[in-house]
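**Student:** okay, structure incoming, though there's no sequence with it:
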């Protein structure tokens, strides 16, 4: 009899893996019948053994956090497709955004996976989510992970996603900022820390082996108040490092000297640096900032807007400056002239019901915008739920070229001009309560979903604002709540 009960419980577990949480609901409802309860009649030892086994499996992600085990499996394998669509054919887009010579290579020139016999790798790093992934010249991945009260810089193998090196950064419990960093052309991670410093951290030692060692430090504690912090960091074409703080202080580091201008407005988004200037979005206006060598940053124009900032400024190949504004009338994409900030045009997307939180990216002389309305954290999408749907392309004349009805809860997409695809992180709605996450490829010209490959079936696979990134070998990477995801074609060069 005991063996029969154990077999029944194992069977419920297997059905849960195959069909999802609805199996547990039905199993729980069966306990309404007294004959079922009497037959099961679990002893305290049995209950403790099952609880212990579940807790032990859940603890694996914490006990082995540094990329040595996969993300935990989830329920719903038999009721969600592992792959939909068909392999894509590269259709390069004849547009180019200028490359910053002081940033590590990357971005739109890498093609991403085409969906041909695509493989998915995952690695667990505990609940230690990262926001963005960059690559050094060796292809190694660099990411700032954790949170403001436990930040860590990670160097990760691009093939197996295992950690090569890590560096704990200063903690700060009350900091509203986290994640300002970039990788420069000398393979250094430039990081803004919570104790108001900018660190230059090498990603290799003298022999070229993986390493994270601070090579230089710039103090900015005298330039921004103790309660303030850096939200954006990027180099300009002259090699100077620019930063913007949450309190609206825009600064430039030039030959070790720091010069700052105070906008006296709240800033929630990173800045954008181009060959011709620096663009900042505050909670009230869009700015263009300039600074001659040895001079203090100075706003060259300021254009106010109504609503709240939904993205950092994005510069099109034509030079127009685009911003996403979460207005009372819905999500608006607004384009400005770079010379004087005059509004060129604006348009509503997603029927006026959308909103975004950083989901605006350049696509040549157009932008792609993601609808993140309704996403308030991982609990927003558990048990098969999704948020407001939408992904759209807006051209330089503010015409909406296409708008698709797919659910992209929180991840900013990645655009590949080399392949003509938009790589985005999707959630599939399920009445059975299955949390199925996918990397999807959307045709940049038409908005058609070309293919999607399943990456996970648990809340740990939620990207939670992590941006999709592309690698030089044709891989796509997604930082997720529980670790990292890599998607690559089996026959990629």
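**Tutor:** That came in fine, so what should we check first? What you see is a predicted model, and the numbers here were worked out from it, not measured in a lab.

**Student:** now do the helices in this structure.
**Tutor:** 2-19, 22-30, 34-40, 44-63 (DSSP state H).

**Student:** could you tell me the least trusted of those helices?
**Tutor:** Comparing mean pLDDT across the helices of the chain, the weakest is helix 44-63, with a mean of 68.

**Student:** what about residue 245, how many residues nearby?
**Tutor:** With neighbours defined by other Cβ atoms under 10 Å, the count for residue 245 comes to 26. For every residue, glycine as well, the C-beta is placed using N, CA and C.

**Student:** for it, name its beta-bridge partners.
**Tutor:** On the basis of DSSP bridges, residue 245 takes part in beta bridges with residue 230.

**Student:** contact partners for it?
**Tutor:** 177, 224, 228-231, 251, 267 (Cβ atoms under 8 Å, 6 or more residues apart in numbering).

**Student:** ok, now how distant is it from residue 196?
**Tutor:** 9 Å (Cβ to Cβ, to the nearest Å).

**Student:** same check on residue 212?
**Tutor:** The spacing between residue 212 and residue 196, counted by Cβ to Cβ, is 20 Å.

**Student:** same thing with residue 87?
**Tutor:** Taking Cβ to Cβ as the criterion, residue 87 is separated from residue 196 by 49 Å.

**Student:** of these two, who's got more company?
**Tutor:** For residue 87 and residue 196, the more surrounded residue by other Cβ under 10 Å is residue 196, and the numbers stand at 20 against 14.

**Student:** please name the nearest non-neighbouring residue to that one.
**Tutor:** Counting by Cβ to Cβ, 6 or more residues apart in numbering, residue 196 lies nearest to residue 221, which is 4.1 Å off, once chain neighbours are set aside.

**Student:** next, the closest residue to residue 415 other than its chain neighbours: phi, psi?
**Tutor:** Leaving aside its sequence neighbours, residue 415 sits nearest to residue 363 (Cβ to Cβ, 6+ apart; 4.5 Å). Backbone torsions for residue 363, taken as degrees, to the nearest 10, come to phi -140, psi 70.

**Student:** enumerate every residue touching the nearest residue to residue 283 once chain neighbours are set aside.
**Tutor:** When the adjacent residues along the chain are set aside, residue 283 lies closest to residue 266, with 4.4 Å between them (Cβ to Cβ, 6+ apart). Residue 266 makes contact with 246-248, 282-283, according to Cβ under 8 Å, 6+ apart.

**Student:** quick check: pLDDT value at residue 266.
**Tutor:** The score at residue 266 is 95. That number is its pLDDT.

**Student:** neighbours of residue 345, just the number please.
**Tutor:** Look at residue 345: counted by other Cβ under 10 Å, it has 14 neighbours.

**Student:** before we move on, what about residue 233?
**Tutor:** As a burial measure, residue 233 scores 22 neighbours (other Cβ under 10 Å).

**Student:** also residue 295?
**Tutor:** 11.

**Student:** what sits against it?
**Tutor:** residue 259 are the contacts of residue 295 under Cβ under 8 Å, 6+ apart.

**Student:** before we move on, the earlier item: what about the residue nearest to residue 196, distance to residue 192?
**Tutor:** Plainly put, residue 221 is 12 Å away from residue 192 if you go by Cβ to Cβ.

**Student:** which of these two has more neighbours?
**Tutor:** Set residue 221 next to residue 192 and count neighbours by other Cβ under 10 Å: residue 192 wins out with 28 against 11.

**Student:** excluding covalently adjacent residues, which one is nearest to the more buried one?
**Tutor:** Of all residues not flanking residue 192 in the chain, residue 230 sits nearest, at 3.6 Å (Cβ to Cβ, 6+ apart).

**Student:** so the one you found sits right up against residue 243, yeah?
**Tutor:** Yes - taking contacts as Cβ atoms under 8 Å, residue 230 lies within contact range of residue 243: 5.0 Å.

**Student:** can you check which residues contact both of those two?
**Tutor:** With contacts taken as Cβ under 8 Å, 6+ apart, residue 230 and residue 243 have 180, 192, 198, 220 as neighbours in common.
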